[in-house]
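[1] sequence? don't have it. structure:
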């Protein structure tokens, strides 16, 4: 963290100084902010609650004060577009095997020292946003490319809320679904508006202690738990969870037991939980990679708490990446990372052997996209 940019206020952070280059001419008015008695404008998108003087950017970098309003400086700008397998988000129970058009912008409202997309999420250069596309252009491109969905990913989409929502509405008008890959660090009003326009989400539950969030992310755990509860109890958004396990930080049996018990009690046994392996990156290069055995241990703990769909990611582990019927043990969807090998669901999304429903959003047959990655340009 650059100490000259922040002070100990609002989760230990405050907005950065006035940027010398100014803001893009096409910055658009933002929502979810209010004026304080001292004249500053407070951004109400996330728990940071950045309080901005004229010309200041929030910690996320992309929301800024321009004269008497807060604007989004990255509307219509992307760090790039790529067609990915939906399993890469990761979403295993949402349109399996289908391609998803993925894009992000720049910036983030957390400061994770282990960020594995840091070149995008930590970018402070507008040149990062080399590809431009209006919301309808994104929807038209997804349709032309045969994508069943569009994903807001690479950096957290809650910080480019206005752009993401307009893109989601354009996609819905063309029958394209939308996916948010997010840390869930968002205030209630913005949370409600954002997720009202999204069909599926993977929420990154980074750890299960406040100390982890404070030490490694400069954030707090509770807002993320509030987002998870809200999604499960008050929306129809398909929800999956991911936890990146970092050796010595969030991989103890005790912490995993607590997290598994909370998910089972508060969200229920049908929410898929993905464990992924850490590799040294960004500011956490002095740690060892997460061994596959750690992911398998975490999966076993979660399953002991009654969670039905628990997965190991970014390691070779077909057993831990396969969806099994919780009724009879039949292999429902066989996977080796992003490639599907088996499909034993009927037209209702139920086990073809015993008829037990599998939770998720399924079509009559799986997609055949596989592990392909297709970069595309949408610049207008």
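    That came in fine, so what should we check first? Since we're looking at a predicted model, the values are computed, not measured.

[2] Assign the closest residue to residue 133 other than its chain neighbours to helix, strand or coil.
    Once flanking residues are discounted, residue 133 sits nearest to residue 378: 4.0 Å by Cβ to Cβ, 6 or more residues apart in numbering. C-beta coordinates here come from the backbone N, C-alpha and C atoms, glycine included. Counting by DSSP: H, G, I helix; E, B strand; the rest coil, the backbone at residue 378 sits in coil.

[3] what does the helix or strand hosting residue 212 contact?
    Per DSSP states H and E, residue 212 falls inside helix 210-212. With Cβ atoms under 8 Å, 6 or more residues apart in numbering as the test, helix 210-212 has contacts from 206, 220, 221, 222, 249, 250.

[4] residues touching the fourth one, list them.
    Same thing as residue 222. Residues in contact with residue 222 (Cβ under 8 Å, 6+ apart) are residue 210.

[5] Could you do the third one as well?
    Under the criterion of Cβ under 8 Å, 6+ apart, the contact list for residue 221 reads 207, 208, 209, 210, 212, 213.

[6] Residue 92 versus that one, what's the distance?
    25 Å (Cβ to Cβ, to the nearest Å).

[7] do the last one as well
    For residue 250, the distance to residue 92 equals 22 Å [Cβ to Cβ].

[8] Same question for the first one.
    For residue 206, the distance to residue 92 (Cβ to Cβ) stands at 20 Å.

[9] Compare these two (neighbour count), which wins?
    residue 206 (25 against 22; other Cβ atoms under 10 Å).

[10] if you skip the residues just before and after it, what's nearest to residue 326?
    residue 308 (4.4 Å).

[11] go on, residue 67?
    Closest to residue 67 by Cβ to Cβ, 6+ apart is residue 54, at 6.2 Å.

[12] mind checking the backbone torsions on the one you found?
    The phi/psi pair for residue 54 (degrees, to the nearest 10) reads phi -60, psi 130.

[13] For it, grab the count of nearby residues.
    13.

[14] With the one 3 residues further on instead?
    Here the neighbour count serves as a burial measure; for residue 57 (other Cβ under 10 Å) it reads 22.

[15] in the sheet, who's paired with the residue nearest to it when sequence neighbours are not counted?
    Using Cβ to Cβ, 6+ apart and skipping residues adjacent in sequence, the residue nearest residue 57 is residue 64, 4.3 Å away. Beta bridges link residue 64 to residue 57, residue 71 when assigned by DSSP bridges.

[16] list the contacts for residue 64?
    Residue 64 is in contact with 19, 23, 27, 52, 55, 56, 57, 58, 70, 71, 73, counting by Cβ under 8 Å, 6+ apart.

[17] Of the residues you listed, which is the nearest to residue 83?
    Nearest to residue 83 out of the contacts of residue 64 is residue 73 (Cβ to Cβ; 26.7 Å).

[18] Any figure for the gap between the nearest residue to residue 288 once chain neighbours are set aside and residue 205?
    Spatially, and ignoring its direct neighbours in sequence, residue 288 is nearest to residue 247 (5.5 Å; Cβ to Cβ, 6+ apart). Taking Cβ to Cβ as the measure, residue 247 falls 18 Å from residue 205.

[19] Of those two, give the one with the bigger neighbour count.
    residue 205 (23 against 14).

[20] Contact partners for that one?
    Taking Cβ under 8 Å, 6+ apart, one finds 184, 224, 228, 241, 242, 243, 259 in contact with residue 205.

[21] out of the residues you listed, who's nearest residue 271?
    Distances from residue 271 to the contacts of residue 205, taken by Cβ to Cβ, are shortest for residue 241, at 6.2 Å.

[22] How is the closest one assigned, secondary-structure-wise?
    Three-state call for residue 241 (three-state DSSP): strand.

[23] what about it, neighbour count?
    Per other Cβ under 10 Å, the neighbour tally for residue 241 reads 24.

[24] Next: residue 56.
    20.

[25] Help me confirm that it comes into contact with residue 65.
    Yes - taking contacts as Cβ atoms under 8 Å, residue 56 lies within contact range of residue 65: 5.5 Å.

[26] With residue 217 as the reference, measure out to residue 265.
    24 Å.

[27] low-scoring pLDDT stretches of the stretch 201-350 of the chain, where are they?
    Applying pLDDT under 70 to the stretch 201-350 of the chain flags the ranges 282-283.

[28] residue contacts, the residue lying closest to residue 264 once chain neighbours are set aside?
    Sequence neighbours aside, residue 305 is the residue nearest to residue 264 in space, at 4.7 Å (criterion: Cβ to Cβ, 6+ apart). Residues near residue 305 by Cβ under 8 Å, 6+ apart: 257, 260, 261, 263, 264.

[29] would the last one count as being in a helix?
    Yes - per three-state DSSP, residue 264 lies within a helix segment.

[30] Look at it and say how many residues are nearby.
    By the criterion of other Cβ under 10 Å, residue 264 has 18 neighbours.

[31] For it, give me its contacts.
    305, 306, 307.

[32] Quick check: closest non-adjacent residue to the last one.
    Excluding the flanking residues, the one nearest residue 307 by Cβ to Cβ, 6+ apart is residue 269, at 5.5 Å.

[33] Any idea how many residues pack against that neighbour?
    By other Cβ under 10 Å, 16 other residues sit near residue 269.

[34] Secondary structure class of it, three-state.
    Residue 269 ends up coil, using three-state DSSP.

[35] Next, work out how far apart it and residue 39 are.
    Taking Cβ to Cβ, one finds residue 269 at 50 Å from residue 39.
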